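Colleague: can't give you the sequence, but here's the structure:
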(Lines give C-alpha, C1' and ligand atoms only; values in the text may rest on other atoms or scores of the structure.)
Protein backbone atom coordinates (compact mmCIF):
# COMPACT_ATOMS: atom_id res chain seq x y z
CA UNK A 1 0.00 0.00 0.00
CA UNK A 2 1.27 3.49 -0.89
CA UNK A 3 1.10 5.64 2.25
CA UNK A 4 0.93 9.39 1.58
CA UNK A 5 0.90 12.30 4.03
CA UNK A 6 -0.62 15.61 2.90
CA UNK A 7 0.56 18.39 5.22
CA UNK A 8 2.20 21.80 5.01
CA UNK A 9 5.76 22.14 6.23
CA UNK A 10 7.18 21.83 8.83
CA UNK A 11 4.46 19.39 9.90
CA UNK A 12 5.00 17.23 6.82
CA UNK A 13 8.67 16.60 7.62
CA UNK A 14 7.78 15.75 11.23
CA UNK A 15 5.13 13.25 10.12
CA UNK A 16 7.49 11.59 7.65
CA UNK A 17 10.20 11.29 10.30
CA UNK A 18 7.83 9.73 12.87
CA UNK A 19 6.33 7.33 10.33
CA UNK A 20 9.72 6.14 9.09
CA UNK A 21 10.94 5.73 12.67
CA UNK A 22 7.95 3.44 13.19
CA UNK A 23 8.99 1.35 10.18
CA UNK A 24 6.45 2.73 7.71
CA UNK A 25 7.27 3.39 4.07
CA UNK A 26 5.71 6.78 3.41
CA UNK A 27 5.77 9.61 0.87
CA UNK A 28 4.80 13.21 1.46
CA UNK A 29 3.15 15.92 -0.57
CA UNK A 30 2.63 19.48 0.67
CA UNK A 31 -0.96 20.12 -0.36
CA UNK A 32 -0.84 23.48 1.38
CA UNK A 33 1.58 25.96 2.90
CA UNK A 34 1.35 28.00 6.07
CA UNK A 35 1.43 31.78 5.58
CA UNK A 36 1.71 34.24 8.44
CA UNK A 37 -0.99 36.90 8.78
CA UNK A 38 -0.70 40.30 10.47
CA UNK A 39 -2.46 40.41 13.83
CA UNK A 40 -2.87 42.84 16.68
CA UNK A 41 -1.74 41.78 20.12
CA UNK A 42 -4.21 42.64 22.88
CA UNK A 43 -2.95 44.00 26.19
CA UNK A 44 -0.90 41.12 27.67
CA UNK A 45 -1.95 42.14 31.17
CA UNK A 46 -5.50 40.96 30.38
CA UNK A 47 -4.45 37.31 30.01
CA UNK A 48 -3.31 34.55 32.32
CA UNK A 49 -1.85 32.32 29.61
CA UNK A 50 -1.75 31.30 25.95
CA UNK A 51 -3.92 28.57 24.44
CA UNK A 52 -2.03 27.06 21.49
CA UNK A 53 -3.48 24.38 19.21
CA UNK A 54 -0.65 24.16 16.67
CA UNK A 55 3.09 24.76 16.46
CA UNK A 56 2.23 26.99 13.48
CA UNK A 57 0.82 29.55 15.91
CA UNK A 58 4.26 29.85 17.49
CA UNK A 59 6.26 29.61 14.27
CA UNK A 60 4.14 32.34 12.66
CA UNK A 61 3.36 34.43 15.73
CA UNK A 62 5.95 37.04 14.84
CA UNK A 63 7.20 39.87 17.03
CA UNK A 64 4.10 39.91 19.25
CA UNK A 65 5.29 36.74 20.98
CA UNK A 66 7.99 38.79 22.68
CA UNK A 67 5.28 40.75 24.51
CA UNK A 68 3.72 37.48 25.69
CA UNK A 69 6.83 35.67 26.94
CA UNK A 70 5.77 35.78 30.57
CA UNK A 71 2.50 33.97 29.80
CA UNK A 72 2.38 30.20 30.38
CA UNK A 73 1.47 28.11 27.35
CA UNK A 74 -1.29 25.50 27.36
CA UNK A 75 -0.29 23.39 24.35
CA UNK A 76 -2.29 20.82 22.40
CA UNK A 77 0.62 18.37 22.19
CA UNK A 78 4.35 17.85 22.56
CA UNK A 79 5.31 19.21 19.11
CA UNK A 80 3.49 22.46 19.91
CA UNK A 81 5.10 22.56 23.35
CA UNK A 82 8.56 22.10 21.80
CA UNK A 83 7.94 25.04 19.45
CA UNK A 84 6.84 27.18 22.39
CA UNK A 85 9.94 26.32 24.40
CA UNK A 86 12.16 27.05 21.41
CA UNK A 87 10.55 30.51 21.22
CA UNK A 88 11.41 31.16 24.86
CA UNK A 89 7.94 30.52 26.27
CA UNK A 90 7.21 28.51 29.41
CA UNK A 91 4.85 25.54 28.98
CA UNK A 92 2.31 24.98 31.74
CA UNK A 93 0.38 22.06 30.24
CA UNK A 94 0.78 19.60 27.34
CA UNK A 95 -2.30 17.79 26.08
CA UNK A 96 -2.63 14.51 24.24
CA UNK A 97 -6.22 14.37 23.04
CA UNK A 98 -7.11 17.63 21.34
CA UNK A 99 -7.31 21.26 22.44
CA UNK A 100 -10.74 20.88 24.04
CA UNK A 101 -9.23 18.36 26.44
CA UNK A 102 -6.52 20.86 27.38
CA UNK A 103 -9.11 23.57 27.97
CA UNK A 104 -11.24 21.26 30.11
CA UNK A 105 -8.26 20.56 32.38
CA UNK A 106 -7.60 24.23 33.17
CA UNK A 107 -8.87 25.52 36.51
CA UNK A 108 -10.56 28.88 36.71
CA UNK A 109 -10.65 31.72 37.10
CA UNK A 110 -8.49 32.02 34.01
CA UNK A 111 -8.61 34.20 30.89
CA UNK A 112 -6.51 33.01 27.96
CA UNK A 113 -5.36 34.30 24.60
CA UNK A 114 -5.84 31.72 21.86
CA UNK A 115 -3.41 32.18 18.95
CA UNK A 116 -4.89 30.24 16.05
CA UNK A 117 -5.09 29.83 12.29
CA UNK A 118 -7.96 30.87 10.05
CA UNK A 119 -9.30 27.33 10.28
CA UNK A 120 -9.63 26.33 13.92
CA UNK A 121 -11.89 24.02 15.88
CA UNK A 122 -14.65 25.55 18.03
CA UNK A 123 -14.03 25.22 21.76
CA UNK A 124 -16.28 25.39 24.80
CA UNK A 125 -14.49 26.63 27.92
CA UNK A 126 -15.37 25.17 31.33
CA UNK A 127 -16.88 27.32 34.05
CA UNK A 128 -14.51 30.02 35.22
CA UNK A 129 -12.34 29.85 32.08
CA UNK A 130 -12.60 32.18 29.08
CA UNK A 131 -10.49 33.08 26.08
CA UNK A 132 -10.09 35.58 23.27
CA UNK A 133 -8.86 34.49 19.82
CA UNK A 134 -6.41 36.11 17.40
CA UNK A 135 -5.63 34.74 13.93
CA UNK A 136 -1.90 34.55 13.17
CA UNK A 137 -1.71 32.37 10.04
CA UNK A 138 -3.62 30.74 7.23
CA UNK A 139 -3.28 27.46 5.37
CA UNK A 140 -2.96 28.30 1.64
CA UNK A 141 -3.94 25.40 -0.61
CA UNK A 142 -1.70 24.01 -3.38
CA UNK A 143 -2.37 21.68 -6.37
CA UNK A 144 -2.30 17.90 -6.07
CA UNK A 145 -1.02 17.08 -9.59
CA UNK A 146 2.36 15.64 -8.51
CA UNK A 147 0.72 12.86 -6.48
CA UNK A 148 -1.97 11.92 -9.02
CA UNK A 149 -0.27 8.82 -10.46
CA UNK A 150 0.27 7.18 -7.07
CA UNK A 151 -3.26 8.02 -5.98
CA UNK A 152 -4.71 6.07 -8.88
CA UNK A 153 -2.61 2.97 -8.21
CA UNK A 154 -5.53 1.32 -6.43
CA UNK A 155 -3.55 0.94 -3.20
CA UNK A 156 -3.15 4.48 -1.87
CA UNK A 157 -3.72 5.33 1.80
CA UNK A 158 -3.87 9.08 2.44
CA UNK A 159 -3.34 10.65 5.88
CA UNK A 160 -5.48 13.73 6.55
CA UNK A 161 -4.58 16.06 9.42
CA UNK A 162 -7.10 18.90 8.94
CA UNK A 163 -10.60 19.51 7.63
CA UNK A 164 -9.36 22.19 5.23
CA UNK A 165 -6.88 19.74 3.70
CA UNK A 166 -9.58 17.06 3.49
CA UNK A 167 -11.96 19.37 1.60
CA UNK A 168 -9.22 20.57 -0.74
CA UNK A 169 -7.96 17.04 -1.35
CA UNK A 170 -11.46 15.93 -2.35
CA UNK A 171 -11.85 18.92 -4.69
CA UNK A 172 -8.45 18.28 -6.27
CA UNK A 173 -9.26 14.61 -6.85
CA UNK A 174 -12.42 15.70 -8.65
CA UNK A 175 -10.53 18.34 -10.66
CA UNK A 176 -7.97 15.78 -11.79
CA UNK A 177 -10.58 13.14 -12.55
CA UNK A 178 -9.24 10.73 -9.93
CA UNK A 179 -11.57 7.95 -8.80
CA UNK A 180 -12.34 8.31 -5.12
CA UNK A 181 -13.19 4.61 -4.97
CA UNK A 182 -9.50 3.76 -5.49
CA UNK A 183 -8.31 5.80 -2.49
CA UNK A 184 -8.43 4.97 1.23
CA UNK A 185 -8.39 7.77 3.80
CA UNK A 186 -7.11 7.83 7.40
CA UNK A 187 -8.19 10.98 9.25
CA UNK A 188 -7.03 12.46 12.54
CA UNK A 189 -10.64 12.86 13.73
CA UNK A 190 -14.32 12.48 12.73
CA UNK A 191 -14.71 16.13 11.71
CA UNK A 192 -11.80 15.75 9.29
CA UNK A 193 -13.17 12.50 7.88
CA UNK A 194 -16.57 14.14 7.32
CA UNK A 195 -14.96 17.08 5.52
CA UNK A 196 -13.57 14.72 2.86
CA UNK A 197 -17.06 13.75 1.76
CA UNK A 198 -18.13 10.39 0.40
CA UNK A 199 -17.26 7.92 -2.33
CA UNK A 200 -13.83 6.77 -1.07
CA UNK A 201 -12.72 3.15 -1.01
CA UNK A 202 -12.75 3.37 2.79
CA UNK A 203 -12.50 6.08 5.43
CA UNK A 204 -10.90 5.40 8.82
CA UNK A 205 -10.54 7.64 11.86
CA UNK A 206 -7.78 7.57 14.49
CA UNK A 207 -8.81 6.37 17.95
CA UNK A 208 -7.82 9.74 19.39
CA UNK A 209 -6.83 13.04 17.75
CA UNK A 210 -3.04 12.78 17.84
CA UNK A 211 -0.41 11.65 15.38
CA UNK A 212 0.69 8.61 17.38
CA UNK A 213 -2.81 7.19 17.03
CA UNK A 214 -3.03 8.17 13.35
CA UNK A 215 0.24 6.45 12.51
CA UNK A 216 -0.79 3.37 14.50
CA UNK A 217 -3.95 3.26 12.39
CA UNK A 218 -1.90 3.64 9.20
CA UNK A 219 0.40 0.80 10.27
CA UNK A 220 -2.58 -1.47 10.93
CA UNK A 221 -4.16 -0.65 7.56
CA UNK A 222 -0.89 -1.22 5.71
CA UNK A 223 -0.43 -4.60 7.39
CA UNK A 224 -3.89 -5.79 6.42
CA UNK A 225 -3.84 -4.31 2.89
CA UNK A 226 -2.62 -7.56 1.35
CA UNK A 227 -5.91 -9.16 2.36
CA UNK A 228 -7.93 -6.50 0.51
CA UNK A 229 -8.16 -7.13 -3.25
CA UNK A 230 -7.16 -4.17 -5.39
CA UNK A 231 -9.61 -2.98 -8.04
CA UNK A 232 -9.23 -4.81 -11.35
CA UNK A 233 -7.92 -2.95 -14.38
CA UNK A 234 -10.62 -0.84 -15.94
CA UNK A 235 -12.61 -0.57 -12.71
CA UNK A 236 -12.86 2.66 -10.69
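Modeller: Thanks, I have it. None of the values given here were measured: they were computed from a predicted structure.

Colleague: Any buried residues in the one helix or strand in the chain whose mean pLDDT sits lowest, and which?
Modeller: For the chain, counting by mean pLDDT, DSSP states H and E, helix 148-151 ranks last in confidence among helices and strands (a mean of 91). Buried residues in helix 148-151, defined by neighbour count with 16 or more other CB atoms under 10 Å: 150-151. Every C-beta, even on glycine, is put in place using the N, C-alpha and C of the backbone.

Colleague: Mind listing residues that contact that helix?
Modeller: Counting by CB atoms under 8 Å, 6 or more residues apart in numbering, helix 148-151 makes contact with 2, 4, 27, 144, 156, 158, 173, 176, 178, 182-183, all of which sit outside it.

Colleague: which SS class is residue 138?
Modeller: When classified by DSSP: H, G, I helix; E, B strand; the rest coil, residue 138 comes out as strand.

Colleague: oh, and call the first residue 27 from now on, that's how I've got it
Modeller: Sure, I'll start numbering at 27, so the last one becomes residue 164.

Colleague: which non-adjacent residue is nearest it?
Modeller: On the basis of CB to CB, 6 or more residues apart in numbering, the spatially nearest residue to residue 164 that is not a chain neighbour turns out to be residue 144, at 4.3 Å.

Colleague: One more: residue 90?
Modeller: Nearest in space to residue 90, with sequence neighbours left out and distances taken as CB to CB, 6+ apart, is residue 67 at 3.9 Å.

Colleague: surely the residue nearest to residue 164 meets residue 162?
Modeller: No: with contact defined as CB atoms under 8 Å, residue 144 and residue 162 do not form a contacting pair (9.4 Å).

Colleague: Next up, the contacts around the residue nearest to residue 90.
Modeller: 90, 93-94, 160.

Colleague: confidence score at it?
Modeller: Taken from the predicted model, the pLDDT recorded for residue 67 is 96.

Colleague: residue contacts, the residue positioned nearest the centre of the chain?
Modeller: When the chain is reduced to its mean C-alpha position, the nearest residue by CA atoms, centre = their mean turns out to be residue 187, at 3.6 Å. Under the criterion of CB under 8 Å, 6+ apart, the contact list for residue 187 reads 31-33, 37, 41, 214, 218, 237, 240.

Colleague: Which of these fall within strands?
Modeller: 31-32 (DSSP state E).

Colleague: which stretches of the chain form strands?
Modeller: Secondary structure of the chain, counting by DSSP E: strands at 28-32, 52-55, 58-62, 75-78, 99-101, 117-120, 136-143, 155-167, 182-186, 209-213, 228-231.

Colleague: Pipe the ones you listed into a markdown table and attach distance to residue 175 and mean pLDDT per row.
Modeller: Compiled in a markdown table, the strands of the chain are given as follows (distance: least, CB to CB, whole Å; pLDDT from 0 to 100):
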| stretch | distance to residue 175 | mean pLDDT |
| --- | --- | --- |
| strand 28-32 | 10 | 96 |
| strand 52-55 | 11 | 95 |
| strand 58-62 | 20 | 95 |
| strand 75-78 | 38 | 98 |
| strand 99-101 | 38 | 98 |
| strand 117-120 | 40 | 97 |
| strand 136-143 | 31 | 98 |
| strand 155-167 | 20 | 96 |
| strand 182-186 | 10 | 97 |
| strand 209-213 | 13 | 97 |
| strand 228-231 | 21 | 97 |
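
Colleague: Comparing the ones you listed, which comes out most buried?
Modeller: Each of the strands of the chain was given a mean neighbour count from mean count of other CB atoms under 10 Å, and the largest, a mean of 27, is that of strand 99-101.
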